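# Structure for the following, please:
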Amino acid sequence: MADLFDYLQWRGGLTFSQAPVNPVDTLIFSALSYISFGGSVESMPEVPISLKDAADEFFRLPDQLERVRVKNDIPLLKAAAESKRFQNVMLLQYRSILIPEEETQFAAITFLLGDGTAVLSFRGTDSPLVGWKEDFNMSFRDTIPSQLLALEYTREIGSRYIMPLRLGGHSKGGNLAVFSAVKAEADIRSRILNVYSMDGPGFTEYLIGDPAYKEMVPRIQTIVPQSSVIGMLLEHEEPYTVVKSRQLSLLQHEPYSWEVLGGGFITME
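So this is what the prediction gives:
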């Protein structure tokens, strides 16, 4: 029952120039987006910093457990920062916005890879109640504030860094990735290689009926565990891949439970 940590042991010695980005890498980036790094990642978001250096700063902080979604985020950061594959990835444009009175919770970070591409990773719902309220709002609103913030973020990064892009996120982060990819301007959409929704909820007809959504569908990779609940909410028209989880029921939403084989997930019917 191999997982993300085993993957980093198996593939951690290969750079992204040697082995292209795959869905497991994107899930790792999604997990890293849940971390509130502190240090220069937050104080100087315009200045790129390597994952290794960002991790060094993080591990000097006294409140590490308060800056992660789950405890596994800490050893994942350590393992990724020590791997040849991830240590020289550059982090920049970390953004975190929490506005309780507007039921808005948003965070994102960009990773510049050594292969000349960028990964925009959107954080899913973390512990604050406001994030869960916002998720509920998805069921009856065409747009929610974090989707519009994700679109603004994608436009900013896409116009500043003229390179091929990948967008992704876990849970609500996957929804934000798809929304912002569809709603971005045509010149940015044309540079989006893939959009990864890791057990992310779908959409209302507002987005499903957009011609740009139809255009983007071949590039959307929706990945869900075998007993997915969150990822089956609302409407999807893109195909999805089912991966094996070692957990049961709702606990399968936890990405650290997804089973990995080589450079991909173990898939199921």
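# any low-confidence regions in the stretch 51-200 of the chain?
Low-confidence regions of the stretch 51-200 of the chain, defined here as pLDDT under 70, cover residues 100-103, 126-142.
# Going by residue numbers, what spans are strands in it?
Across the stretch 51-200 of the chain, reading from the start of the chain, the strands by DSSP state E, counting those that start in this stretch fall at 90-99, 104-112, 118-122, 165-170, 192-198.
# Dump those strands to CSV, plus distance to residue 42 and mean neighbour count.
For the C-beta atoms, the positions are set from N, CA and C on the backbone; glycine is no exception. Conversion of the strands of the stretch 51-200 of the chain to CSV gives the following (distance: least, Cβ to Cβ, whole Å; neighbours: other Cβ atoms under 10 Å):
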stretch, distance to residue 42, mean neighbour count
strand 90-99, 6, 18
strand 104-112, 10, 24
strand 118-122, 15, 28
strand 165-170, 19, 29
strand 192-198, 24, 25
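# so which of those strands gets nearest residue 227?
strand 192-198 (15.1 Å; Cβ to Cβ).
# which helices and strands sit right next to the closest one?
Other elements packing on strand 192-198 under the criterion 3 or more Cβ pairs under 8 Å, 6 or more residues apart in numbering; DSSP states H and E are helix 23-32, strand 165-170, helix 172-183, strand 220-225.
# What lies in contact with it?
Residues outside strand 192-198 that contact it (Cβ atoms under 8 Å, 6 or more residues apart in numbering): 21, 23, 26-27, 30, 117, 164-171, 173-175, 177-178, 181, 184, 216, 219-223, 231, 255.
# Just the angle for it relative to strand 220-225, thanks.
20 degrees (axes from the mean of the first three to the mean of the last three Cα atoms, to 10 degrees).
# tilt between strand 192-198 and strand 118-122?
Angle, strand 192-198 to strand 118-122, by the same axes, to 10 degrees: 30 degrees.
# Note down every partner strand of strand 192-198 and its orientation.
Here strand 192-198 has these sheet partners by DSSP bridges: strand 165-170 (parallel), strand 220-225 (parallel).
# And the next helix or strand past the last one?
Yep, that's strand 220-225 we're talking about. The helix or strand immediately downstream of strand 220-225 is strand 240-243, counting by DSSP states H and E.
# Show me what counts as buried in that following strand.
Taking 16 or more other Cβ atoms under 10 Å as the neighbour-count basis, strand 240-243 is seen to contain the buried residues 240, 242, 243.
# Name the surrounding residues that touch the helix or strand just after it.
On the C-terminal side of strand 240-243, the closest following helix or strand by DSSP H and E is strand 260-261. For strand 260-261, the surrounding residues in contact (Cβ under 8 Å, 6+ apart) are 2, 3, 4, 6, 7, 24, 266.
# how close does the residue nearest to the fourth one when sequence neighbours are not counted get to residue 76?
Distances taken as Cβ to Cβ, 6 or more residues apart in numbering place residue 260 nearest to residue 6, at 6.3 Å, with adjacent residues excluded. The gap separating residue 260 from residue 76 is 13 Å, by Cβ to Cβ, to the nearest Å.
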